[in-house]
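Asker: Structure, please.
(4 chains, ligands or ions: 4)
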Amino acid sequence: MRELTYSEAVREAMSEEMRRDPSTFLMGEDVAVFGGVWGVSEGMLAEFGEERVRDTPISEAAIIGAGLGAALVGMRPIVEIMFGDFLMCGGDQIVNQAAKARFMSGGKAHVPLTIRVTTGAPGSAAAQHSQSPESWFMNVPGIKIAVPATPADAKGLLKTAVRGADPVLFFEHKMLYGETGSVPEDADFTLPFGQASVVREGSDVTIIAISIMVRKALAAADLLAGEGISVEVIDPRTLVPLDKETLIQSVAKTSRVIIAHEAHLRSGPGAEIAAVLAEEAVEYLDGPVIRIGAKNVPLPYSPVLENFVLPGTEDIVAAVRLLVRR
Amino acid sequence: MRELTYSEAVREAMSEEMRRDPSTFLMGEDVAVFGGVWGVSEGMLAEFGEERVRDTPISEAAIIGAGLGAALVGMRPIVEIMFGDFLMCGGDQIVNQAAKARFMSGGKAHVPLTIRVTTGAPGSAAAQHSQSPESWFMNVPGIKIAVPATPADAKGLLKTAVRGADPVLFFEHKMLYGETGSVPEDADFTLPFGQASVVREGSDVTIIAISIMVRKALAAADLLAGEGISVEVIDPRTLVPLDKETLIQSVAKTSRVIIAHEAHLRSGPGAEIAAVLAEEAVEYLDGPVIRIGAKNVPLPYSPVLENFVLPGTEDIVAAVRLLVRR
Amino acid sequence: MDKQTYSPELLTHLFRQMTLVREFELRAIAERRGGLIPGFIHSCVGQEATAVAACAALSQQDVITSTHRGHGHLLGKGGDPKYMMAELAGRSAGYCLGRGGSLHIADFNLGILGANGIVGGGFPIAAGAALAFQMRKEARVALAFFGDGAINEGTFHESANLAGLWRLPVIFFCENNLYGEGTPQHKQAPITDLARRADGYGFPGVIVDGNDAIAVYEATQEARRRALAGNGPTLIEAKTYRFRGHYEGDPQVYREPGELEAWQARDPVPAFRARLLASGLYDEAQLAEIEASVQAQLDEAVAFAAAAPAPAVEEALQGIYADTHEGLVF
Amino acid sequence: MDKQTYSPELLTHLFRQMTLVREFELRAIAERRGGLIPGFIHSCVGQEATAVAACAALSQQDVITSTHRGHGHLLGKGGDPKYMMAELAGRSAGYCLGRGGSLHIADFNLGILGANGIVGGGFPIAAGAALAFQMRKEARVALAFFGDGAINEGTFHESANLAGLWRLPVIFFCENNLYGEGTPQHKQAPITDLARRADGYGFPGVIVDGNDAIAVYEATQEARRRALAGNGPTLIEAKTYRFRGHYEGDPQVYREPGELEAWQARDPVPAFRARLLASGLYDEAQLAEIEASVQAQLDEAVAFAAAAPAPAVEEALQGIYADTHEGLVF
Ligand SMILES: Cc1ncc(C[n+]2csc(CCOP(=O)(O)OP(=O)(O)O)c2C)c(N)n1
Ligand SMILES: Cc1ncc(C[n+]2csc(CCOP(=O)(O)OP(=O)(O)O)c2C)c(N)n1
Ligand SMILES: [Mg+2]
Ligand SMILES: [Mg+2]
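Answerer: Ligands and ions are numbered 1, 2, ... in the order given. This next block holds a predicted model:
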């Protein structure tokens, strides 16, 4: 398998799906001529033309809602919202329209709508361009949420999202775009939603890591291996649906668990995962369920402050030591 | 103390604060001539005039954002959003503007803005008029969240919100408006945020109940008392800040806990509370942390379906029995 | 009105459907009082001409987005009162299997993309459907119904801008009934002729008498022609009035004295009836027969709804996702 | 330009501040390359006249909401380059104690309600501030700066409608620089003269040459007079152009050939300088002295920023709530 960056993997997934199905198209702010502010859709305008790679006005509600309307009459749109931070500018079209259309119509609406959006702190982008808003939408039944951490997962999950008939919020971490990994070439390579990936096996502690925190968890696991601590790293890959089984099985094995995400701690995705474990895996637990995430303040601009607020490998290492040495 | 309805208590809090401070005013859709679609502000137009009790266009972003702008230059606005379901129509003004203004400005902005909003299912109002969206905003640092369950709490917490200098989302449950309770007459009666109320003491099981679920938990406690089970009912009253101490102490005593809210289960407020307990009270727990909430589907219209999806007293009773008899 | 311009099919259709809408609303209100219908009703009594005549100018392949006040739109677009009444009654025989209720009725076969409980929620959806038609080169348009209150939502602006920019085949159809809930239109916007707003998006805005079915029909037909010719959107503002409360039970403290009576004198249903008689194309007996057939259809609809079983509780958990993931509850 | 109409104070102010804005941007860009400044910079080089002259028409008690491209607005409204530069450098000596950065600078004493990272985020805030002034009967206005891209956000519409309806003392000041990021204005809206949109909200829209400081000043002054007289909002559309990338590092693949050069020929800063010289009110030495004083001020600002200590990590958790609740972490 060839190596691709995460960004290339996303582009490849989109391009393959657009070649495959004329009803798929991409629209969003600066996705065409500019190639996306993160460069993800570079070159796609040249291949697919401006009908199918569309620059839009700065109007998040219209972008998302128009994606929904097109989906309802048989298209399979991919819409891009430049920063996850802007999702609430079109929030109603997500929570009250796209997420609910099928259920409210008695199962009749088909909503093959993929909303691609960036997440995470790219460094000194401050409070309105650094958020990880995944959990803002987890309480809303009807929309699926993907949080790929590797190029291969990004490709496989995105293709599943685009081919599916449900609305999906697809969170791409800005600091992962440049990361490389091997990605299957098979044009029909897809990955199922609701299937966690056991990224590294271990026996002492389970780290459930989301998006960019997978890398940091692996780094922590390497470090801790040197101390004789065997760490299992699990990436849920999708938050809705959530593969509870794999998480619980791992905790049954290790009896210690840490949940790591870049989102703010309070009511982040980790809250739901911790609650699931507290309900369904409590008998396996030997110690507290520790969450690691951004501290509960808006992301600050100054690098000193930002680094302090964001969760890092050292936070994971410290938490593991605490759990194991209790 | 005289008895007031929850609705009257809210109105009394607003009216007292408006009499006290000329910088306080109320605006929202149909709050003036109509008196609010729930009748909460009935009579206020007559007392305060149309300058201070303002009907607005149907423009949630402008309503919330104008409240913020007025607050930034020294007013103390109360804005009403008719249904919590509509919050995402003005979501950005909440999460990126009001919640962050103080922090981003280095602590310089004052944001004495109270956003009153209804929550909960009033019965056959279906998926877009029945949600309990409290947790959609819990991940966002900078905004406080109150969820009063009684007329006295509604009054005391609302007055604290209005007098404070931070933005507050104040969730009033539609099905509580008609409930009565004794309410202090003291015009300076306020209740602190971040202080849970032990609504009923007990020793076998703790039920942490939010908003309308407090009543249902009390009903369950009555029933269970007949079976010899002693239930403690705790109402956090504010979700941000959350009075962890009181919750943890209760769990330390009972070692069994149920969290009940009307919001959807996945990533509802109970997720955060369960996660806090799984982290900070795990050594006290004798059994799983059980969450009770609406099932993870949009609220259906048909009463048969809606009753099935919404959490009830019998769900609490069943969960308590399960926990106690394990 | 003459035979040359308006076929008897069209005239009969307009009369019958307007009568159906009026009578459907009155039945639904009665059945709500009677307990068959559990939820809110926002009736469109007084606004039958806009709903029916606008839809009459569309083809079945065209689509609409509707609102909280949507029964007329749905019936106009071909909705079956049987399934509508069953939905209002919360039965699984209803359009949405009892899951949606009045605010959420949809029928994708009829091009009804959905009523909507969110004021302004339908604008972007209509624009998106129109985009799909344009991209696929289909001769279809999308029509978004909305009120004078809804035009002040940000979604109107974003959608009108997008539609104007891309010349999407969409019709923005405003039923200006002078109120948004209890707040009069002139307290919701600084202008009274909302059609003026179209200019800011580079497309025409037209004002039409919303109580005149023929005028509404013609304006919509013209807008549809424009859209199909690739000339983009039209904003139609139809001036009309709602005769009943915002919802059933609304105390209606907000009306200007005499206002209701003045508008009732221009009731679109009897007005159209009178016009048909005056035209000589119809006699009293023909119209009475149509009216009787409407009543029969509604008798049937109510009976159908009342006889339909309530949904089984498990149905509450169905129909939320298309792709299920075995073994996973989510 | 004559002495009667424009005081030397005003002319000097305009020239000095425009020079300051231009040079501030160039310094900031250099210091970003040099590593002093960690975050993005969206410079307003080329748009100095709009920022400075619009603010010059305001009083200190008036307030503005600014944007991601806000340095000019802030300096125009009296912002101190020292604290701005320190903020860009992420130091606690900065306006926001290093917590906000370029996108979030605010100074409530100067009436700067904040730059904003959300396009369209400032509209409702400005309307709300204006509402407060109106309710308190204060002779103050709020001015919302925004771009040609931002006008297509729903918040523009909702805020313009509210402001028009209530005749709020607000000025909607559009810097139409022909692009929103990499997308040209004509691909973002179906109309080119955005001032046309004002009519839909019942207030005047005026177009002004955004590279002509005097024209901008006059238009803003007139809008302010209107607002203070109780006549409500004005939409000012200033046609201008940004000379540098959307942000520093932008490859700028999107410009029309020759476009930049044509606009550079109308660079507002040298144009104003030439006008001052031509007027005979200033000689070269006077202007050079002003320019030197700007450089000195910026030397000082950069030195101040560079010398200021980085924040202590604990500061990250401060200043989020006014009311703290002892013993509770939240
Ligand atoms: C986003 C949103 N805000 C507010 C409401 C509450 N609401 C329902 S209908 C209505 C009035 C709508 O007025 P208009 O658009 O004129 O339609 P009409 O009721 O007159 O047909 C309001 C405010 C809502 N459902 N959704
Ligand atoms: C809600 C939102 N959408 C998108 C963006 C990304 N963005 C930042 S600036 C910009 C372009 C703004 O264009 P315009 O309003 O013309 O201002 P200019 O940059 O030209 O000054 C965009 C799309 C954002 N910051 N906020
Ligand atoms: Mg209306
Ligand atoms: Mg621009």
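Asker: Chain C versus A:L285, what's the distance?
Answerer: Distance, A:L285 to chain C, by Cβ to the nearest Cβ, to the nearest Å: 21 Å. (C-beta placed from N, C-alpha, C; glycine too.)
Asker: show me where the stretch 101-250 of chain C has strands.
Answerer: C:142-147, C:170-176, C:179-180, C:183-184, C:205-209, C:234-239 (DSSP state E, counting those that start in this stretch).
Asker: among those strands, which is nearest chain D?
Answerer: The closest of those to chain D is strand C:205-209. By Cβ to the nearest Cβ, the value is 9.3 Å.
Asker: Chain neighbours aside, what residue packs nearest to the residue in the stretch 151-300 of chain A that ligand 4 sits nearest to?
Answerer: As assessed by Cβ to the ion, ligand 4 sits closest to A:K174 within the stretch 151-300 of chain A, at 23.2 Å. If the residues on either side of it in the chain are set aside, A:K174 comes closest to A:P122, at 4.3 Å by Cβ to Cβ, 6 or more residues apart in numbering or on different chains.
Asker: Name the helix or strand for the one you found, please.
Answerer: For A:P122, there is no helix or strand it lies in under DSSP states H and E.
Asker: rewinding a little: okay, the residue of the stretch 151-300 of chain A closest to ligand 4: pLDDT?
Answerer: Listed pLDDT for A:K174 reads 98.
Asker: residues contacting it?
Answerer: A:38, A:118-122 (Cβ atoms under 8 Å, 6 or more residues apart in numbering or on different chains).
Asker: mind checking how far C:I191 is from D:M135?
Answerer: 23 Å (Cβ to Cβ, to the nearest Å).
Asker: Same check on C:A86?
Answerer: C:A86 sits 51 Å away from D:M135, going by Cβ to Cβ.
Asker: more neighbours, the two?
Answerer: Shown here are C:A86 and D:M135; by other Cβ atoms under 10 Å in any protein chain shown, C:A86 has more neighbours (26 against 19).
Asker: shouldn't that one be in contact with C:A93?
Answerer: Yes: using Cβ atoms under 8 Å, C:A86 makes contact with C:A93 at a distance of 4.2 Å.
Asker: who touches both of these two?
Answerer: C:304-305, C:308.
Asker: sorry, back to before: could you check how far the residue nearest to A:K174 is from A:S132?
Answerer: Distance from A:P122 to A:S132, by Cβ to Cβ: 12 Å.
Asker: Can you check what pLDDT the model gives the closest residue to ligand 4 within the stretch 51-200 of chain A?
Answerer: The nearest approach of the stretch 51-200 of chain A to ligand 4 comes at A:I58, 9.4 Å away (Cβ to the ion). According to the prediction, A:I58 has pLDDT 98.
Asker: And for A:A66?
Answerer: At A:A66, pLDDT is 99.
Asker: can you pull the contacts of it?
Answerer: Counted by Cβ under 8 Å, 6+ apart, A:A66 has contacts A:27, A:77, A:79, C:124-125, C:127-128, C:131, C:159, C:162.
Asker: Helices of chain A, residue ranges please.
Answerer: Here chain A has its helices, by DSSP state H, at A:6-20, A:44-48, A:60-72, A:91-92, A:101-104, A:151-163, A:213-225, A:244-254, A:269-280, A:303-309, A:313-325.
Asker: List just the one of those helices that sits closest to C:V45.
Answerer: Of all the helices of chain A, it is helix A:101-104 that lies closest to C:V45, at 24.8 Å by Cβ to Cβ.
Asker: show me what contacts the nearest residue to A:G142 once chain neighbours are set aside?
Answerer: In space, and not counting its chain neighbours, A:G142 is closest to A:A99: 3.4 Å by Cβ to Cβ, 6+ apart. When contacts are counted by Cβ under 8 Å, 6+ apart, A:A99 touches A:137, A:140-143, A:167, B:298.
Asker: Export the residues you listed as JSON lines, with columns for neighbour count and pLDDT.
Answerer: Formatted as JSON lines, those follow (neighbours: other Cβ atoms under 10 Å in any protein chain shown; pLDDT from 0 to 100):
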{"residue": "A:F137", "neighbour count": "25", "pLDDT": "98"}
{"residue": "A:V140", "neighbour count": "27", "pLDDT": "98"}
{"residue": "A:P141", "neighbour count": "26", "pLDDT": "97"}
{"residue": "A:G142", "neighbour count": "26", "pLDDT": "97"}
{"residue": "A:I143", "neighbour count": "21", "pLDDT": "97"}
{"residue": "A:P167", "neighbour count": "29", "pLDDT": "98"}
{"residue": "B:P298", "neighbour count": "30", "pLDDT": "98"}
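Asker: tell me the mean pLDDT for the helix ranked longest in chain C?
Answerer: Secondary structure of chain C per DSSP H: the longest helix is helix C:8-34. When pLDDT is averaged over helix C:8-34, the result is 98.
Asker: hmm, that helix touching ligand 1?
Answerer: No: judged by Cβ under 6 Å from any ligand atom, helix C:8-34 makes no contact with ligand 1; its nearest approach is 12.9 Å.
Asker: list the buried ones in that helix?
Answerer: C:10-25, C:27-29, C:31-32 (16 or more other Cβ atoms under 10 Å in any protein chain shown).
Asker: What's the first helix or strand after it?
Answerer: helix C:48-56.
Asker: just how off-centre is that next one within its chain?
Answerer: 7 Å (Cα atoms, centre = their mean, to the nearest Å).
Asker: which residues sit against that helix?
Answerer: Contacts of helix C:48-56 (Cβ under 8 Å, 6+ apart): C:10, C:13-14, C:17-18, C:21-22, C:44, C:64, C:72-73, C:75-78, C:143, C:145, C:171, C:173, C:175, C:210-217, C:220, C:236, C:238, C:240, C:268-269, C:272.
Asker: So what touches whichever helix or strand comes after that helix?
Answerer: As assigned by DSSP H and E, the chain's next helix or strand after helix C:48-56 is strand C:63-65. Outside strand C:63-65, the residues within contact range by Cβ under 8 Å, 6+ apart are A:69, A:73, C:55, C:58, C:73, C:77, C:111-114, C:116, C:122-123, C:125-126, C:129, C:140-145.
Asker: now for the following helix or strand past strand C:63-65, which elements pack on it?
Answerer: Downstream of strand C:63-65, the first helix or strand assigned by DSSP H and E is helix C:71-76. Packed against helix C:71-76, as judged by 3 or more Cβ pairs under 8 Å, 6 or more residues apart in numbering or on different chains; DSSP states H and E, are the following elements: helix C:8-34, helix C:48-56, helix C:81-88.
Asker: Dump the ones you listed to CSV, plus distance to ligand 3.
Answerer: Output for those, formatted as CSV (distance: least, Cβ to the ion, whole Å):
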stretch, distance to ligand 3
helix C:8-34, 16
helix C:48-56, 11
helix C:81-88, 21
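Asker: Out of these, the one nearest C:R255 is which?
Answerer: helix C:8-34 (18.4 Å).
Asker: when you scan that closest one, is anything in it near chain B?
Answerer: No: using Cβ under 8 Å from any Cβ of the partner chain, helix C:8-34 stays clear of chain B, coming no nearer than 10.5 Å.
Asker: Give me the distance from that helix to the chain's centre.
Answerer: Worked out by Cα atoms, centre = their mean, helix C:8-34 lies 12 Å from the chain centre.
Asker: Then stretch A:210-227?
Answerer: On the basis of Cα atoms, centre = their mean, stretch A:210-227 sits 18 Å off its chain's mean C-alpha point.
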